[in-house]
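> all I have is the shape, not the residue letters:
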C-alpha cells in the first residue's frame, strides 16, 4: 500500500457511481496500479483500473497477453511477489484487502474470494488425493470433522459433474484428465461458498468439447453458490456466452467497459473494434477477409505519452500521441470507452477502420521510430 | 494394412484434371510404450495414427482438425517422412517417400516444407533472421546465386522490414517470428506447405495478420496447404476442405461449407456445437451437444467405432442391436448418402450453426 501513483495525469473514471457501502457490491476495485521494478525501469503492468462487481454478476476481462488482466486480479488476491508496487484500493465485500498481512489475507482468500487458474496440473498438489485437497480447503475455514469434510468433498465433486464422485475422491491429480482436474479446481474454489470467484483463463489449456463441459461446471458452481464471477480470457467466444458485463484491457488500462451486448454489437474504441474484426467467425461468410490490428502492444516500461493504442490505431491523430484519453461515458453511459473519437465510432465496422492487409512493415517502422525517439 | 478398404479423403469431383500433389494411403503409426526399469520391454503401443488416407491438390487448403492427441500432428509429420511410418505410403510425384533414403529425399524436401506451431522454439536463437532464412538456400546450394537479395525479398513478402534482417529472433514479437518461419519455409519455393498449428500460439489480433498472409501467398504462388489446427473457426476461415480426426482416424471429410452446414458424424457435430461464438445473442440461444467423458487412451482404443464411448447417439438413440454394430465393426470412411465420406454407421446430417 505504499502509494506509487505512476500516472497522476490520467484520471480514472468509475463507470457507475454507486454508494460505497452498497451491500450488493461484492468486489470493488478502485484506481489499482501495479508496477514491477526491473533493471530497465518500472514495468507499469496495471495503470489505474477501476471496476465493480455485484452479487450474482459475471464480469469478463478481455485483453491480449501482457495487457495486465491477470496481474490486476492477482493483486486483489494478494498473490503478487513482494517486489510488486501496488497502490489503489480493492474491497471484497466491503473489506479493504490491499496491504493486508498474510494471516489476515488467508482468512479472506478461499473463503470470501476464490481463484481458478489456467493450468490445473500446477494448481493441484500431485502427492495428495483430490478429496484430501478439497477437504483441506473446507477445513481451512470451517471447524468440521475430517468425515464431514470428506462428505462435502464428494458432494462438491458431484456438483461440478464428475462421474462416480465416491471413487474419484480417492484419485490423485495425475489419474484424472485435464477437464476433470479443472473441475476439481472449481470444486475447491466453491468449497466455502465464496462471494467472488475469479477464473483466470480457466479453459485455455483444454480442448473445445472439454471446455464446454468445464464451462458448464463453472455455471453450476455459480448457480449453487450465488457467487459473482470475474472471467478472464482472451477468447471472445467464451466471454460472449458466460458474462453479463465486459471490460477490455489494453496496456494496463481499461479502454472500454459495458454490457456484453454493448461491447460486441456497438463497440466504441478502435482496439475493441479491431479485436472483433480479427476474429475468424463461425457465423460469418467464409470469404470475408480478416482485418488484423497491425503492430504489437507497447512495452510497459517508459510508455510514451498519449494513447497507448495510438501506434497501432488507424485513426490516430496528433492529440492521440499527446494526451491519453480517459474512460468516459458514451451515449450517456453506463457504457464507457477511452478514445478521443468515440463520437466518430458510432456504428463503425472493423472493415471501415482496419485494412484487411498483412503488411506489418509500416507498423514496424512506426514502432521503431517511437523507440528511437524515446 | 490391407484389410480395410477405406476411401481416401479425396474430392474426386473437384479435381480439374490434375492429380493430387501429395497423397497418403493407409498411414499407420504406432509408438511403443516401454516398461519402467532397467530393461525396457515393449509393453504396448500408442495407436497414434490408424489407416489415414488423404489427398492434397495443388493450390488447395486441406484443414486437418481434431482435439489434442488425435494424431493430427503425427499425420503431418508422417507426410514429410519426418518420423518413419509403421505402415502405409506417401506419394509425391509418383514416388513413395516412405521407402526413400535421406539422400534421396533431400531434393524432394525442397518442394515440401513445414511451419511449426511455436515460433519461439522453431527458430535458432543464435542465428540472425537473415541466416535463418538463408539456411535452406545454403543447404540446397542456391545462396551463392543472389541469395542475399532473395532473403530481402522474402522478408518483404511476409510483411517484414528487410532492414531488420540482422536482428535476432528474440527481438521480434510472436507474430513477426511466425512470419520469419513462413519466410524460411518459402525460401525454396515449395509446392506443398504443412502448417502445423501455425497461429495457435498467437494473440487474435496478430493471428489475423498471419492468416491473411498465408491466404495471399497461396493465391500468388499456387501453394497447397495442409492446415493442421484444433481451432475450427480458423480452419473454417482458411480451408477449402476439412478432414476431422478422432483418436487416430479420420471420421469425416467434406468441403468446408458442407461440413459446417451438414455435419453427419456425431463427433463433428459435437465439435461444431462446442465452439463458442463471439456473438452474445446467438450464444445465449444456442443448444449445445455436450459430450460426456474424455478421449480414451490411444494405447487401448475402443473396438469398432472409436467414438462410441462418448457418442451421444450411441448412448441415447440407438437400440441394443444397432449398438452391437458400433462395437464390432469399424465404420469405413465412405459416402453414406450425405454427399461426403463419413465414418459412422448411422450418419445423419445436422445443421448446427
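Arrived safely. Here the structure is a predicted model, which means the values were calculated and not measured.

> and residue A:216, how many neighbours?
By other C-beta atoms under 10 Å in any protein chain shown, 15 other residues sit near residue A:216. (Glycine included, C-beta is placed from N, CA and C.)

> now swap in residue A:102 and tell me
Every residue meeting other C-beta under 10 Å relative to residue A:102 is counted, giving 8.

> residues contacting it?
Listed by C-beta atoms under 8 Å, 6 or more residues apart in numbering or on different chains, the contact set of residue A:102 reads residue A:78.

> can we see that at 10 Å?
Residues in contact with residue A:102 (C-beta atoms under 10 Å, 6 or more residues apart in numbering or on different chains) are A:78, A:109.

> ditto for residue B:236
Shown in contact with residue B:236 (C-beta under 10 Å, 6+ apart): A:280-284, A:286, B:63, B:65, B:242, B:256-257, B:259-260, B:272, B:275, B:353.

> just these now: which is nearest residue B:95?
Proximity of the contacts of residue B:236 to residue B:95 (C-beta to C-beta) peaks at residue B:63, which lies at 25.9 Å.

> ok, of the contacts of residue B:236, which come out buried?
Among those, those buried by neighbour count (16 or more other C-beta atoms under 10 Å in any protein chain shown) are A:280-282, A:284, B:63, B:65, B:242, B:256, B:259-260, B:272, B:275.

> and the gap between residue A:257 and residue A:329?
Computed as C-beta to C-beta, to the nearest Å, the residue A:257 to residue A:329 distance reads 10 Å.

> one more: residue B:310?
Taking C-beta to C-beta, one finds residue B:310 at 48 Å from residue A:329.

> which strands and helices sit next to the longest strand along chain B?
The longest strand of chain B (DSSP state E) is strand B:42-56. Judged by 3 or more C-beta pairs under 10 Å, 6 or more residues apart in numbering or on different chains; DSSP states H and E, strand B:42-56 is in contact with strand B:22-34, strand B:61-65, helix B:72-79, strand B:87-92, strand B:224-229, strand B:241-246, strand B:249-255.

> would you list the ones you listed in JSON lines and tack on mean pLDDT and distance to residue B:147?
What follows is these, written out as JSON lines (pLDDT from 0 to 100; distance: least, C-beta to C-beta, whole Å):
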{"stretch": "strand B:22-34", "mean pLDDT": "93", "distance to residue B:147": "27"}
{"stretch": "strand B:61-65", "mean pLDDT": "95", "distance to residue B:147": "29"}
{"stretch": "helix B:72-79", "mean pLDDT": "93", "distance to residue B:147": "28"}
{"stretch": "strand B:87-92", "mean pLDDT": "95", "distance to residue B:147": "26"}
{"stretch": "strand B:224-229", "mean pLDDT": "95", "distance to residue B:147": "25"}
{"stretch": "strand B:241-246", "mean pLDDT": "95", "distance to residue B:147": "36"}
{"stretch": "strand B:249-255", "mean pLDDT": "95", "distance to residue B:147": "40"}
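
> looking at these, which is closest to residue A:144?
Residue A:144 lies closest to strand B:22-34 among the helices and strands packed on strand B:42-56, at 43.3 Å (C-beta to C-beta).

> tell me the buried residues in the closest one?
B:22-31.

> would you indicate which residues of stretch A:65-83 are buried?
Going by neighbour count (16+ other C-beta under 10 Å), the buried part of stretch A:65-83 is A:66-78, A:80.

> restrict those to those near chain B?
Subset of the buried residues of stretch A:65-83 in contact with chain B: A:66-67, counting by C-beta under 10 Å from any C-beta of the partner chain.

> circling back: from the contacts of residue B:236, which ones fall inside strands?
Counted as lying in strands by DSSP E, out of the contacts of residue B:236, are B:63, B:65, B:242.

> which members of those additionally contact chain A?
Answer for these near chain A (C-beta under 10 Å from any C-beta): residue B:65.

> do stretch A:259-274 and chain B meet?
Yes - counting by C-beta under 10 Å from any C-beta, chain B is contacted by stretch A:259-274 at A:259-265, A:271, A:274.

> ok, now stretch A:323-339?
No - using C-beta under 10 Å from any C-beta, stretch A:323-339 stays clear of chain B, coming no nearer than 14.1 Å.

> per-residue pLDDT, residue B:15?
If you check residue B:15, the pLDDT there is 41.

> check residue B:70 too.
89.

> quick one: secondary structure of it?
When classified by DSSP: H, G, I helix; E, B strand; the rest coil, residue B:70 comes out as coil.

> distance check, the nearest residue to it once chain neighbours are set aside against chain A.
Closest residue in space to residue B:70, ignoring its immediate chain neighbours: residue B:245 at 4.5 Å, by C-beta to C-beta, 6 or more residues apart in numbering or on different chains. Remark: distance between residue B:245 and chain A (C-beta to the nearest C-beta, to the nearest Å) = 12 Å.

> so residue A:206 touches residue A:212, yeah?
Yes - contact status for residue A:206 versus residue A:212: in contact at 9.3 Å, counting by C-beta atoms under 10 Å.

> angles on the backbone of the residue located most distally from the centre of chain B, please.
Distance from the C-alpha centroid of chain B peaks at residue B:38, with 36.9 Å (C-alpha atoms, centre = their mean). Torsion angles at residue B:38 (phi, psi; degrees, to the nearest 10) stand at phi -70, psi -50.

> contacting residues for residue 135?
No chain was given, so I picked chain A. Going by C-beta under 10 Å, 6+ apart, residue A:135 touches A:128-129, A:144, A:146-154, A:156, A:169, A:188, A:191.

> right idea, wrong chain: chain B
Residue B:135 makes contact with B:124, B:127, B:143, B:184, B:187, according to C-beta under 10 Å, 6+ apart.

> so where does residue B:270 fall, helix or strand?
Assigned by DSSP states H and E, residue B:270 belongs to helix B:266-274.

> nearest to the spatial middle of chain B, which residue is it?
Taking C-alpha atoms, centre = their mean, the centroid of chain B lies closest to residue B:228, which sits 2.8 Å from it.

> what is the mean pLDDT for stretch A:157-175?
Rounded mean pLDDT across stretch A:157-175 is 90.

> ends of it, what's the gap?
Start-to-end span of stretch A:157-175 (C-alpha to C-alpha, to the nearest Å) is 15 Å.

> next, the buried residues of it.
Using 16+ other C-beta under 10 Å as the test for burial, stretch A:157-175 gives A:157-162, A:165, A:168-169, A:171-173.

> likewise for stretch B:204-211?
Neighbour-count burial for stretch B:204-211 flags B:204-211 (criterion: 16+ other C-beta under 10 Å).

> so is that stretch next to chain A?
Yes - judged by C-beta under 10 Å from any C-beta, stretch B:204-211 comes into contact with chain A at B:204-211.

> the residues you listed in helices, which ones?
B:204-211 (DSSP state H).
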